[in-house]
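> Sequence first, then the predicted structure:
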Amino acid sequence: DDELQTDGNRSGHFQNGDLGLAPTHEEVIRIIAAQLAEIGDQFDKEIQGRVVTDLAQHFLNEQLSREEITLHMSRAVGELTRSIPSDMEPEKAMLVLAMVLTKKIVNTVPSLLVRVFNSTVNYLHQQLHDYIADMVS
């Protein structure tokens with residue numbers, strides 16, 4: 001019933017109550033999310049449909065393992081990262097690009113929501129776990 005939000009806004013309700021975050025910590029997370037959403041909007045306009053279509057085809061191939069899908073996501077993000085401004089942290093660009101790709105794929109093929117979301121979380125955990133933890137601490 002909840003919708004996928006990529007703009008930093010909260011949607012729906014938490015099933016086990018609140019996140020348990022202090023208001024100041026939550027506010028920092030909202031600011032970071034807003035900044036990432038702004039960068040994502042810029043990237044969204046620059047990502048070619050071919051990249052999304054190719055990646056969606058890999059997600060549609062149910063014979064590919066979780067690791068293979070993560071590898072395809074990593075390659076796509078890596079290729080797109082080469083075209084980002086040099087003044088942006090590569091990790092931040094990778095994070096935003098992964099989220100934008102996820103959004104674009106799900107908008108293109110909604111039935112892939114669960115597979116794309118899980119693969120993106122796996123990718124972020126493998127590639128950017130320390131960066132994300134440092135960013136919110």
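Yep, it's here. Residues are numbered from 1 along each chain as shown.

> and the most centrally placed residue in the chain, what element?
The residue lying closest to the centre of the chain (CA atoms, centre = their mean) is residue 99, at 1.9 Å. For residue 99, the host element (DSSP states H and E) is helix 90-108.

> So which bits of that helix are buried?
91-106 (16 or more other CB atoms under 10 Å). Yep, even glycine has a C-beta here, placed from its N, CA and C like the rest.

> what about the closest residue to residue 102 other than its chain neighbours, how many neighbours?
Closest residue to residue 102 apart from its sequence neighbours, by CB to CB, 6 or more residues apart in numbering: residue 120 at 4.5 Å. Applying other CB atoms under 10 Å, we find 21 residues neighbouring residue 120.

> for residue 86, same thing?
For residue 86, using other CB under 10 Å, the count is 5.

> What of residue 53?
By other CB under 10 Å, neighbour count at residue 53 equals 13.

> Residue 85 now?
Neighbours of residue 85 (other CB under 10 Å): 8.

> Also residue 62?
Using other CB under 10 Å, the number of residues around residue 62 comes to 6.

> Phi, psi for it please.
Torsion angles at residue 62 (phi, psi; degrees, to the nearest 10) stand at phi -70, psi -10.

> Check what pLDDT it gets.
For residue 62, the pLDDT comes out at 91.
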